[in-house]
Structure formats: C-alpha cells, structure tokens
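In: Coordinates only, no sequence provided:
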C-alpha cells in the first residue's frame, strides 16, 4: 500500500514565508495585543485621574459654598427650613445653577435630607459605593450609569453627568456629618476625555508601529543574510557532493589504471624479453657457436664472416629495439609539429602516403606531446600492418576546450575484446586517462576504423 505524505497547511505556510515575515506576523500579533492592553490601561488611568481631579476640584468648590449652610447636621439629624431655603436659592439662582444639574444631601445612614427632586427627601436607600467612599472621607467621582430609584431626575438628562460624592465636615472637629451628592454637567469633560483617549491611542499605536517596523527591518536584514548564507551553503554542499562523486570516480579510475599499468608493464617486459631472445640473443648464440668451432679448429671457411655478420646484425637489432623504446626530440616542437613528425616517420618506414589536415595545436606539456606522438604512431601502424588499409587520413584540430586528433582508414576493422593481449591501444588509453582525456574507437568491417583522441587544453604537466 502506498503511503502519501501530506504536509500540514500550517507547516507549508511557514515554509513559504521568510523568517522576517514569520517574525512580522507573530511579532505584530504580540505587539498589537500589547498595544491594546497598554492603551486600555493608559487611557483608563488617564480618564480615572482626570475624573478624580475634576471631581475633587468641583467638590472643593461646592463644599466652600454648601458646607456653611449645612452645619446644623452637626447637632441634629435634619436641616431647618432656613437652611433648606438657602440651599434652594443657591442651587437655583447662585453660581452653582449653571454648573450642577442636581443636588442631594445624605445622612450617614443613607437617608436623603435634601434634594433637587423634592420627592426623594426623607427616603432611605441602600448604601452605594460612592456614598460609602464619601463617608470614609474621600471624594468619589465617576460617570455613573444612573441606575436606581434615587437617580430618576438624572435619568431624564440628555447630556453626560459626572456623579460626585463629597463628605461634609464639621469645621472645628473635622467629623463627617453628611455627604453632598451632586451631578455636574460634563459635556466639555467628556469631549476632552475623548480627545485625550484618541491622542493616547495614536501615541501608543505610533510607538508600537515604529517598534514593529524597526524590529522587522532588523529581522529582515538578518533573514536576508541567513537566506543568502543558506543558498551559499546549499550551493557549496551541491558542489562538494559533485566533487566527492568526481573524486570517487577518479579514484576508481586511478585504481583500475594502476592495475592495468602493472599488467601493461609486465607485457612490455615480456615483449622486450621476447624481442631480445628471438633476435639478438639467437644471433649472438649463433656467433658464439661459430667462435667455439673456430677455437677447436673445426670451423668452415666462411665461419669468420658469418660470426662478423651475426654480431653486426645483432647490434643492429638491439639498436632497432632501443629506437622503438625512445622518441625523437619533441620538447622544442609545437603540437602540430609533433603530429607532422609522427606522420613523416610512418611514411618513411612504411613507404606509404598519409592524407593529413593538421591545424595549429597549442600544446606545451611534454607528456601531452609524447601521448600525441604515440597515438599517431600506434594508429598508423595498426592501419598499415593489420587493417590492410589503402587510404589513411589524419586530422588535428583544437577549440577553446579541447584538442581532437583523428586517424581514419578504410581497412577491415576490428572488434576489441575485454581481455585482449594487445598493448598499443590499452597503453594509449592509460596515457590519455592520466592527462584527463579519452579515446573513442569506431570500427566497422565495411566502413573501416576511426580512432579519435580527445585531450583537454593545457593539461597539467
């Protein structure tokens, strides 16, 4: 059963997004959440402080006017008619008329002693937070939701009201004898708070956006650097993998080349041994027998001339063998001159005509020159001696990358066996492999044979 791996959408999204954008999204969410929390806290603190300061200022102002009119509460539990009339005139005609919407005076037991709404006077209500705070000696100010039966008059208002509870104290003792509750018209305060809240959010939002932008730029630069380094590392890993594969291949080729070289050396030694044994050794052995016969006095009349000719012929064969192991001077020749020298040498020994097209070859390494000479020497010798070719051509060209030398004939062709005994082509292949080149062979019984050596330009000496 085939198992198909499915990448989760969240992981695919992380893979598509860069590190900078991942940080931007995550950091943006964190900073926005922090901005909201900080903004709410700051605006609430500003609003609370503003309302408290405004309430305290208003309470101080009202207390300076109302407190002298309510000192009867220090010795009784109610206000006299004169005090009530004075309070009414102060609230309806005095300086507090345009500032306060409604007014109440509470006894410490939460009973209304005086109110702008006359129906509330004498009624007892449950203790509220603002009333309890004022009885504890602290001014309480807030934008109340105006719920409750005691706020019926205020509920009819269509404008924002600031609810303020202020303790009424006895001047000489400082004891709290009642609580003044009043509602200040706070349209201007509400508008000012709205502007302050907006400005606070703008400041917090701007600072947050600036922080996010600055951090994003820093992370984006780091992400770009990391991506560049990752791409560079990936390229280096690929190049290293390629080099490792190439080194592995080269090591295998080197091992095989060493094995083939050892085999070829053994074959070369056997060939030289056979050449010496079958040629000079036989002639010298024949000369030694004739000399022994001469020494014993049993020689024939022409033995001395036979000994001389045998020794001369043996020396000539040794020279021929040595000449086959060495090369003419190639160091001062150019690459194309080496090709022409090899063709000329073959034409001299074989008394045949070679068709040639040799271009300029830029070859400086001595090993490459020897390889070129041996390749042409071996290819022409095979075409003449084994293929029975009547037409042989040599072409030599080069480009920016490589040198190509081809030897083609119209002979009988051949098929190479994997374990052939021949030394020539195997030796040429080893020489080319050592220089980073290769040998291509195309052979057909009807079309002849084409040998092509490809050598990199300027091989390592």
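Out: Everything's here; your move. Everything numeric here is computed off the predicted structure, so don't read it as measured data.

In: ranges for the strands of the stretch 51-200 of the chain?
Out: Assigned by DSSP state E, counting those that start in this stretch, the strands in the stretch 51-200 of the chain fall at 100-106, 112-115, 140-142, 161-169, 176-185.

In: Out of those, flag the one nearest residue 25.
Out: Smallest distance to residue 25 across the strands of the stretch 51-200 of the chain (C-beta to C-beta): 40.0 Å, for strand 140-142. For every residue, glycine as well, the C-beta is placed using N, CA and C.

In: Against which helices or strands is the host helix or strand of residue 41 packed?
Out: Assigned by DSSP states H and E, residue 41 belongs to helix 19-66. Packed against helix 19-66 by the contact rule (3 or more C-beta pairs under 8 Å, 6 or more residues apart in numbering; DSSP states H and E) you find helix 81-93, strand 140-142, strand 161-169, strand 176-185, helix 187-276.

In: okay, the angle between that helix and helix 187-276?
Out: Using axes from the mean of the first three to the mean of the last three C-alpha atoms, to 10 degrees, the inter-axis angle of helix 19-66 relative to helix 187-276 is 160 degrees.

In: For helix 19-66, what does the pLDDT average out to?
Out: The average of the pLDDT scores along helix 19-66 is 75.

In: Please state the offset of it from the chain centre?
Out: Remark: helix 19-66 is offset 44 Å from the chain centroid, using C-alpha atoms, centre = their mean, to the nearest Å.

In: and stretch 134-145, which residues are buried?
Out: The neighbour-count criterion (16 or more other C-beta atoms under 10 Å) identifies 134-135, 139-142, 144 as the buried residues of stretch 134-145.

In: hmm, which two among those are most spread apart?
Out: Maximum distance among those (C-beta to C-beta): 17.2 Å, for 135 and 144.

In: Put together JSON lines for the helices and strands packed on helix 19-66, with mean pLDDT and distance to residue 48 on each row.
Out: Conversion of those to JSON lines gives the following (pLDDT from 0 to 100; distance: least, C-beta to C-beta, whole Å):
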{"stretch": "helix 81-93", "mean pLDDT": "71", "distance to residue 48": "28"}
{"stretch": "strand 140-142", "mean pLDDT": "82", "distance to residue 48": "9"}
{"stretch": "strand 161-169", "mean pLDDT": "82", "distance to residue 48": "13"}
{"stretch": "strand 176-185", "mean pLDDT": "80", "distance to residue 48": "16"}
{"stretch": "helix 187-276", "mean pLDDT": "81", "distance to residue 48": "10"}
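
In: Please tabulate the ones you listed in TSV, including the columns distance to residue 364.
Out: Listed next are the helices and strands packed on helix 19-66 as TSV, based on distance: least, C-beta to C-beta, whole Å:
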stretch	distance to residue 364
helix 81-93	118
strand 140-142	100
strand 161-169	102
strand 176-185	105
helix 187-276	23
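
In: Go through those and name the closest to residue 43.
Out: Nearest of the helices and strands packed on helix 19-66 to residue 43, taken as C-beta to C-beta: helix 187-276 at 4.8 Å.

In: Show me what the closest one is packed against.
Out: Helix 187-276 packs on helix 19-66, helix 303-325, helix 424-434, going by 3+ C-beta pairs under 8 Å, 6+ apart.

In: now residue 175: how far from residue 210?
Out: Distance, residue 175 to residue 210, by C-beta to C-beta, to the nearest Å: 55 Å.

In: try residue 242
Out: Taking C-beta to C-beta, one finds residue 242 at 48 Å from residue 210.

In: Equivalent analysis for residue 321, please.
Out: Taking C-beta to C-beta, one finds residue 321 at 92 Å from residue 210.

In: ok, the two, which is more surrounded?
Out: Neighbour totals were compared for residue 321 and residue 210, and residue 321 leads with 15 against 10 (other C-beta atoms under 10 Å).

In: Can you tell me how far the more buried one is from residue 280?
Out: Counting by C-beta to C-beta, the gap from residue 321 to residue 280 is 8 Å.

In: cool, residue 412 as well?
Out: The spacing between residue 412 and residue 280, counted by C-beta to C-beta, is 33 Å.

In: Tell me who's in contact with residue 352.
Out: Contacts for residue 352 (C-beta atoms under 8 Å, 6 or more residues apart in numbering) come out as 346, 384, 392.

In: Spatially nearest residue to the first one (excluding sequence neighbours)?
Out: Okay, so that is residue 346. On the basis of C-beta to C-beta, 6 or more residues apart in numbering, the spatially nearest residue to residue 346 that is not a chain neighbour turns out to be residue 380, at 4.3 Å.

In: Run a quick neighbour tally on that neighbour.
Out: For residue 380, using other C-beta under 10 Å, the count is 25.

In: Check it and give its pLDDT.
Out: 86.

In: And for residue 422?
Out: Note for residue 422: predicted pLDDT of 51.

In: Likewise for residue 329?
Out: pLDDT at residue 329 comes out at 71.

In: can you check the one 3 residues further on too?
Out: Turning to residue 332, the model gives it a pLDDT of 85.

In: now it, what's its secondary structure?
Out: Three-state call for residue 332 (DSSP: H, G, I helix; E, B strand; the rest coil): coil.

In: if I look at it, how far off is residue 364?
Out: Distance from residue 332 to residue 364, by C-beta to C-beta: 11 Å.

In: where does the stretch 251-400 of the chain have low pLDDT?
Out: Within the stretch 251-400 of the chain, the stretches with pLDDT under 70 are 271, 274-275, 277-279, 281-283, 285-286, 289-290, 297-303, 320, 323-328, 349.

In: 90 instead?
Out: Along the stretch 251-400 of the chain, segments meeting pLDDT under 90 span 251-335, 341-342, 344-352, 362-371, 373-390, 400.

In: rewinding a little: out of residue 332 and residue 364, which sits in the more crowded spot?
Out: Shown here are residue 332 and residue 364; by other C-beta under 10 Å, residue 364 has more neighbours (11 against 6).

In: Specify the local secondary structure of the more buried one.
Out: coil.

In: Give me the distance between it and residue 212.
Out: Per C-beta to C-beta, residue 364 is found 64 Å from residue 212.

In: got it, and residue 342?
Out: Going from residue 342 to residue 212 by C-beta to C-beta gives 78 Å.

In: For these two, indicate the residue with more neighbours.
Out: Taking other C-beta under 10 Å, residue 342 and residue 212 do not tie; residue 342 has more neighbours (25 against 18).

In: Make sure I have this right: that one is in a helix.
Out: Yes. Counting by three-state DSSP, residue 342 is part of a helix.
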